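In: Sharing a model prediction with you, sequence too.
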Amino acid sequence: MLPEIRSSAEVYGEITGGRLGELLGGIPVASALGDQQAALFGQTCFAEGETKSTYGTGTFMVMNTGDKIINSYSGLLTTVGYKIGEQDTVYALEGSIAVTGSLVQWMRDQMGLISTAAEIETLALSVEDNGGAYFVPAFSGLFAPYWRSDARGVIAGLTRYVTKAHLARAVLEATAWQTREIADAMTKDSGVELTALKVDGGMTSNNLLMQTLSDFLDAPVVRPMVAETTCLGAAYAAGLAVGFWNSTDDLRANWRRAAEWTPHGRGDPRP
């Protein structure tokens, strides 16, 4: 009763019938990838250990584990990454964060501390650090690597010195710390150290957050020229299937870096 299992990149058929057939008749349907798997593909994370993280309302971080199915004992999910035609299946580890971009929205809509999402970067840059304040945004529990649905949000380290600017920085650091926790879990499960993180999604326009990520991960953070990496990944897989591209090497050559942040080397700022 279940559908046949097929690869992520092959010609399944052609578009026919109806209005869509009139517009796109004869065009092959040639890729099928889940959202985060497509983003992994679109970020050209084709080698074992290469990792991408998508920053939206929540965050989804995926590491390529090659042909190894790694059962996670550190709170991550084991998943299929992709399969190109008759080639071997590539597997991945995934970690998700429930609240990242939605925390900035909370600061804007519920608390009224900023008027636009972009304003949080300007506010956070007005102070040098978080003033000792830390934010655990467990509004709907904690996802990876804890999986505690009963957890709730906490702001710790408050003193009279702390201003809304310190809280703004703590909000951004909360996303970076949660990413660090998933990265540590991935290293523990896979035995592979994170050498770079490719990022996409709306929050990547926040340069302070990207620098903070690099500092906390102690690894370069790279933003691509094409931000819609899910669509790009689906297009890449379809292009391979129909011979528009010959190999993943062609895709790597097509991928372009827009910006990169490297660690300041300040050491581990964990409280």
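Out: Received the coordinates, thanks.

In: residues in contact with residue 51?
Out: 45, 61, 62, 63, 64, 183, 186, 194, 196, 197, 198 (C-beta atoms under 8 Å, 6 or more residues apart in numbering). C-beta here means a position set from N, CA and C on the backbone, and glycine is covered the same way.

In: got the contact list for the closest residue to the second one other than its chain neighbours?
Out: The reference is to residue 61. Leaving out its chain neighbours, the residue that sits closest to residue 61 by C-beta to C-beta, 6 or more residues apart in numbering is residue 53, at 4.1 Å. Taking C-beta under 8 Å, 6+ apart, we find residue 53 in contact with 59, 60, 61, 62, 179, 197, 198, 199, 200.

In: Which stretches in the stretch 101-250 of the chain count as helices?
Out: Applying DSSP state H, counting those that start in this stretch to the stretch 101-250 of the chain gives helices spanning 101-109, 119-125, 164-190, 207-217, 229-242, 248-254.

In: For this protein, just list every one of the strands.
Out: Here the chain has its strands, by DSSP state E, at 9-14, 28-31, 51-55, 59-66, 77-82, 90-97, 134-136, 154-156, 197-200, 221-224, 257-261.

In: taking the ones you listed together, which one is wrapped up most tightly?
Out: strand 51-55 (a mean of 27; mean count of other C-beta atoms under 10 Å).

In: picking up where we left off before, indicate which one of the helices of the stretch 101-250 of the chain is closest to residue 134.
Out: helix 164-190 (5.8 Å; C-beta to C-beta).

In: Specify the angle between that closest one and helix 101-109 in degrees.
Out: For helix 164-190 against helix 101-109, the angle by axes from the mean of the first three to the mean of the last three C-alpha atoms, to 10 degrees is 170 degrees.
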